[in-house]
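Visitor: fold the following for me, if possible:
(one chain, ligands or ions: 2)
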Amino acid sequence: MKHNIAVIRGDGIGPEIISEGVKVLDAVSELDNFELEWVEYPHGAEHYLSTGELINEDTLKELAQYDTIFFGCIGDPRVDTGVLEQGILLNMRFYFDQYVNLRPVKLLEGVPTPLAGKGPADIDFTVVRENTEDFYVGIGGRVKNRKKSEKLEIVRERYQVKFGLDIETDSDELAYQIGILTREGCERVMKYAFELARAQGKNKVTSVDKANVLTHGYGFWREVFTEVAHGYPEIETDFNFVDALCMWLVKNPEWYQVIVAPNMFGDIITDLGAMIQGGLGLAPGGNINPDGVSMFEPIHGSAPKYKGKGVSNPIATIWAGAMLLEAVGEKSAAEKVINAIETVLRKGKVRTYDLGGSSKTNEVGDAIVSEMKIGG
Ligand code: IPM
Ligand code: MG
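Guide: Numbering: from 1, shown residues only. Ligands and ions are numbered 1, 2, ... in the order given. Take a look at the predicted model:
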């Protein structure tokens, strides 16, 4: 069996962490007798600065031919904030309709957590983040001269939305940002969360919102969640306001099994999740379209100040690689990678600076490969 994978290393530490991911996946493909073909794409800050291209339609069409995409990270101090994020990462998530952002939050043995008195048995849940809607649709504007008329539009393959706005204000300057949630958009990600709970033998799904204040959008989210939950009577449900959830994730993370969240809250709570599982160096994510092309990445940024130093922790990327393998049907290989990550962390001899060690990025990749070879 052969899997074709497009690779976008991106900026900062992206190239060095992706090298370790590719190394580990190649090694496990030999052990499990399947083939991986990697094709590199140069997109990121350097490519943008030299060509002016973020990622164009032709490239997106070409990427659609692959089985999956392995993505490093983007962001560069030479490019204005938001340009690469919106023009590359969000563009891809939307183009491929990767409506689930799957983020396991699991404290592995041997990894220190900042939560006193909590251990691996307490921190083990999955965040299912909606990945295509909410404030992330990116429409809005500013009114400076008291009056403005404008049309805003969201064009997706599944639907289009047009807003015609007539704004009058006597404030000096105002900014507005419009978020949307569609019924189909909510239902599909919520169903994914319930199906995931079922598949993992979990019995509770928690929905996150701020329905007490943002009643239009997140009140709707809550309503749809309640309807979807009726289809899964054996699974217990719970609602948390996002502020309270942040509190409980610190105090009682063991309460959670599967959390389903709108895009922006999902973004925020998964950085909190990353910290309690030992840091951003250990937090993987999958941008998933169950019927299309998915993309796997560490959830951290490009850490420009560590670029090229070879000291960053590649485990988030390697773990994202394991999620990629599972998504293309190589479940046993995915398990081998996860087991080897766990063994290396448990042994504690090879670890990067973020975990209190002094190992290099490539030594972590090598250690994981060795453990896989001896069945660790
Ligand atoms: C993430 C990141 C992105 C997001 C940024 C880089 C656009 O924070 O993947 O969590 O907000 O989704
Ligand atoms: Mg984030």
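Visitor: give me the nearest residue to Val293, chain neighbours excluded.
Guide: With CB to CB, 6 or more residues apart in numbering as the criterion, Val293 has its nearest non-adjacent residue at 4.8 Å, and that residue is Phe96. Where you see a C-beta, it was placed from the backbone N, CA and C, and this is true even at glycine.
Visitor: likewise for Phe135?
Guide: Spatially, and ignoring its direct neighbours in sequence, Phe135 is nearest to Gly179 (3.8 Å; CB to CB, 6+ apart).
Visitor: against ligand 1, how distant is that neighbour?
Guide: Counting by CB to the nearest ligand atom, to the nearest Å, the separation of Gly179 from ligand 1 is 13 Å.
Visitor: quick one: that residue from Gly185, how far?
Guide: Distance of Gly179 to Gly185, computed by CB to CB, to the nearest Å: 11 Å.
Visitor: name the residues contacting each of these two.
Guide: Shared contacts of Gly179 and Gly185, defined by CB atoms under 8 Å, 6 or more residues apart in numbering, comprise Glu133.
Visitor: show residues contacting stretch 328-341.
Guide: For stretch 328-341, contacts defined as CB under 8 Å, 6+ apart pick out 1, 3, 24-25, 28-29, 31-32, 34, 67-68, 108, 315, 318-319, 321-323, 325-326, 368-369, 371-372, 376.
Visitor: that older thread, sheet partners, orientation included, of the helix or strand containing the residue nearest to Phe135?
Guide: Gly179 is part of strand 174-180 when elements are defined by DSSP states H and E. Here strand 174-180 is paired, per DSSP bridges, with strand 134-143 (antiparallel).
Visitor: which is the next helix or strand following the partner strand?
Guide: Strand 134-143 is succeeded, C-terminally, by strand 147-155 (DSSP H and E).
Visitor: strands paired with that next one, and their directions?
Guide: strand 160-168 (antiparallel).
Visitor: which other residues reach the partner strand?
Guide: Counting by CB under 8 Å, 6+ apart, 139, 141, 143, 146-154, 176, 178, 180 sit against strand 160-168.
Visitor: which bits of the stretch 151-300 of the chain sit near ligand 1?
Guide: Proximity of the stretch 151-300 of the chain to ligand 1 is confined to 267, 299 under the rule CB under 6 Å from any ligand atom.
Visitor: now the stretch 151-300 of the chain against ligand 1: closest residue?
Guide: With CB to the nearest ligand atom as the measure, Asp267 is the residue of the stretch 151-300 of the chain nearest to ligand 1, at 4.3 Å.
Visitor: any of the contacts of stretch 328-341 buried? List them.
Guide: The neighbour count (16 or more other CB atoms under 10 Å) marks 3, 24-25, 28-29, 32, 34, 67-68, 108, 315, 318-319, 321-323, 325-326, 368-369, 371-372, 376 as buried among these.
Visitor: out of the contacts of strand 160-168, the closest to Arg129 would be?
Guide: Ile180 (16.1 Å; CB to CB).
Visitor: can I get the CA coordinates of the helix or strand just after the strand holding Gly179 in CSV?
Guide: Under the assignment DSSP H and E, the closest C-terminal helix or strand after strand 174-180 is helix 183-199. C-alpha atoms of helix 183-199 as CSV (Å, rounded to 0.1, in the frame of the first residue of the first chain):
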residue,chain,number,x,y,z
ARG,A,183,-26.9,24.4,11.3
GLU,A,184,-25.1,22.0,9.0
GLY,A,185,-21.7,23.3,10.2
CYS,A,186,-22.7,22.7,13.9
GLU,A,187,-24.4,19.4,13.3
ARG,A,188,-21.6,17.7,11.5
VAL,A,189,-18.9,18.6,14.0
MET,A,190,-21.1,17.6,16.9
LYS,A,191,-22.0,14.3,15.3
TYR,A,192,-18.3,13.7,14.8
ALA,A,193,-17.7,14.3,18.6
PHE,A,194,-20.4,11.9,19.6
GLU,A,195,-19.2,9.3,17.1
LEU,A,196,-15.7,9.7,18.4
ALA,A,197,-17.0,9.2,22.0
ARG,A,198,-18.8,6.0,20.9
ALA,A,199,-15.7,4.7,19.1
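Visitor: need the next SSE after helix 183-199, C-terminal direction.
Guide: Using DSSP H and E, the helix or strand that follows helix 183-199 in sequence is strand 204-209.
Visitor: what does the stretch 1-150 of the chain put close to ligand 1?
Guide: Proximity of the stretch 1-150 of the chain to ligand 1 (CB under 6 Å from any ligand atom) is limited to residues 85, 89-90.
Visitor: mind doing that once more with 5 Å?
Guide: Counting by CB under 5 Å from any ligand atom, the stretch 1-150 of the chain comes close to ligand 1 at Glu85.
Visitor: what's around the closest residue to Asn91 other than its chain neighbours, how many residues?
Guide: Nearest residue to Asn91, sequence neighbours excluded (CB to CB, 6+ apart): Ile55, at 5.9 Å. Look at Ile55: counted by other CB atoms under 10 Å, it has 21 neighbours.
Visitor: need the contact list for the residue of the chain found nearest ligand 1.
Guide: In the chain, the residue that lies nearest ligand 1 is Glu85 (3.8 Å; CB to the nearest ligand atom). Counting by CB under 8 Å, 6+ apart, Glu85 touches 74-75.
Visitor: if we go to 10 Å?
Guide: Residues in contact with Glu85 (CB atoms under 10 Å, 6 or more residues apart in numbering) are 74-75, 79, 91, 301.
Visitor: distance check, the nearest residue to Tyr256 once chain neighbours are set aside against Gly273.
Guide: Spatial nearest neighbour of Tyr256, chain neighbours left out: Phe125 (4.0 Å); criterion: CB to CB, 6+ apart. Applying CB to CB, the value for Phe125 to Gly273 is 8 Å.
Visitor: fine by me, thanks again.
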